[in-house]
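[1] Quick one, structure for this:
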Amino acid sequence: MTFAVGGDAWLVHRHDACRELLENRAFVRKPFADGRPVPYGFEFPEFLTKTLQFMDPPDHTRLRRLVAKAFTVRRVERLRDSTRALADELIDKMTADGARTANLVDAYMLPLPIRVIGDLLGVPEEGRDNFVEWSHALLATSGLDETTVIEHSTALFVYLSELIAARRAEPKDDLLSALAAAKEADEQLTDGEIVEIAMLLVVGGFDNTANFIGMGTLALLLNPEQRGVLTADIDGRIGTAVDEILRHSAMEVGREITARPGLVPFVA
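    All right, here's what the predicted structure looks like:
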């Protein structure tokens with residue numbers, strides 16, 4: 001297939017072929033990380049090319065092993081109650097005083113994931129406002145000039161670097177402290193590696209989650225029958241619904257959604 005921005009690429013879509021591609025050591029990511037031309041419409045930030053998804057073994061193996069020691073299921077599970085409370089708080093604000101309309105993007109899609117990531121990393125309350133503003137700049141596609149984007153992205157990088165240094169000196173119960181303390185034999189993550197992991201979490205967790213909330217909401221609005229199935233037994237079907245919304249929305253990102261049947265039924 002040919003990308004609109006120029007360049008040819010193979011599209012691999014069958015399960016067996018995808019598995020072979022991902023497991024075969026003949027296929028590597030190093031050319032991309034080294035700056036070889038790729039069919040993208042924009043230049044990837046340098047810090048992204050040094051993160052896990054663009055590494056090959058043995059560097060990928062080492063980094064993943066150390067990150068796994070800090071990024072545990074137990075740590076993520078502890079965020080469940082606070083995330084649910086935050087989601088309820090944001091919805092209550094949207095519907096306060098009997099409001100019938102709200103801006104989903106500003107009121108819910110953006111603040112929910114970025115505040116959860118702030119909790120995960122251990123961003124202090126006094127630094128939250130700047131953290132959110134700087135994080136927006138990493139993903140800005142409009143509304144900010146290039147100078148502002150660079151300034152805010154640099155400020156976020158410096159802020160996280162200083163926060164990691166503070167956590168090394170005085171550890172707390174957060175992911176940055178856990179990453180700083182993660183060791184195996186004589187290996188340990190450097191401050192630079194931790195900053196890159198933190199920046200990747202901001203980019204990946206913030207952007208993807210916000211997009212899926214918006215696309216999932218739109219999909220339900222365009223499929224009233226399936227919305228009715230969900231609301232008829234929301235507690236019993238919400239898990240299956242979320243899985244299906246993620247699958248459906250992933251295929252719709254990047255192209256216009258029209259009002260057509262698209263969601264697989266939530267119940268067999």
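
[2] any chance you could map the strands in the stretch 151-268 of the chain?
    Counting by DSSP state E, counting those that start in this stretch, the stretch 151-268 of the chain has strands at residues 183-184, 187-188.

[3] my guess is residue 12 is in a strand, correct?
    No: assignment of residue 12 by DSSP: H, G, I helix; E, B strand; the rest coil gives coil, placing it outside any strand.

[4] Verify the contact between it and residue 21 for me.
    Yes: in this structure, residue 12 is within contact of residue 21 by Cβ atoms under 8 Å, at 5.5 Å. All C-beta spots, glycine's among them, are computed from the backbone N, C-alpha and C.

[5] What is the least confident helix or strand in the protein?
    helix 46-49 (a mean of 66; mean pLDDT, DSSP states H and E).

[6] What is the distance between the helix or strand just after it and the centre of its chain?
    Sequence order places helix 59-70 as the next helix or strand after helix 46-49, per DSSP states H and E. Chain-centre distance of helix 59-70: 19 Å, with Cα atoms, centre = their mean, to the nearest Å.

[7] Extract the C-alpha set from helix 59-70 and format it as CSV.
    Written as CSV, here are the backbone C-alpha positions of helix 59-70 (Å, rounded to 0.1, in the frame of the first residue of the first chain):
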residue,chain,number,x,y,z
ASP,A,59,18.2,-3.6,24.8
HIS,A,60,14.4,-4.2,24.6
THR,A,61,14.7,-7.3,26.8
ARG,A,62,16.7,-5.5,29.5
LEU,A,63,14.4,-2.5,29.6
ARG,A,64,11.2,-4.5,29.6
ARG,A,65,12.6,-6.8,32.4
LEU,A,66,13.3,-3.8,34.6
VAL,A,67,10.1,-2.0,33.9
ALA,A,68,8.1,-5.1,34.7
LYS,A,69,9.5,-5.1,38.2
ALA,A,70,8.0,-1.6,38.8
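
[8] list the buried ones in it?
    In terms of neighbour count (16 or more other Cβ atoms under 10 Å), helix 59-70 has its buried residues at 63, 66-67, 70.

[9] cool, and stretch 173-193?
    174-180, 182, 189, 193.

[10] got the end-to-end distance for stretch 61-79?
    27 Å (Cα to Cα, to the nearest Å).

[11] What's the mean pLDDT across it?
    Stretch 61-79 shows a mean pLDDT of 87.

[12] what do you get for stretch 200-214?
    Stretch 200-214 comes out at a mean pLDDT of 83.

[13] What lies in contact with it?
    With contact meaning Cβ atoms under 8 Å, 6 or more residues apart in numbering, stretch 200-214 is reached by 48, 51-53, 104-105, 108-110, 112-114, 116-117, 120-121, 135, 138-139, 156, 245-246, 249-250, 253.

[14] Can you show me the CA trace of it as CSV?
    Output of stretch 200-214 as CSV, limited to C-alpha atoms (Å, rounded to 0.1, in the frame of the first residue of the first chain):
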residue,chain,number,x,y,z
LEU,A,200,5.8,7.4,26.6
LEU,A,201,3.1,6.8,29.2
VAL,A,202,1.9,10.3,28.9
VAL,A,203,1.7,10.1,25.1
GLY,A,204,0.3,6.5,24.8
GLY,A,205,-2.0,6.5,27.8
PHE,A,206,-3.4,10.0,27.4
ASP,A,207,-4.0,10.1,23.6
ASN,A,208,-5.3,6.5,23.2
THR,A,209,-7.6,6.7,26.1
ALA,A,210,-9.1,10.1,25.2
ASN,A,211,-9.6,9.0,21.6
PHE,A,212,-11.3,5.7,22.6
ILE,A,213,-13.7,7.5,24.9
GLY,A,214,-14.7,9.9,22.1
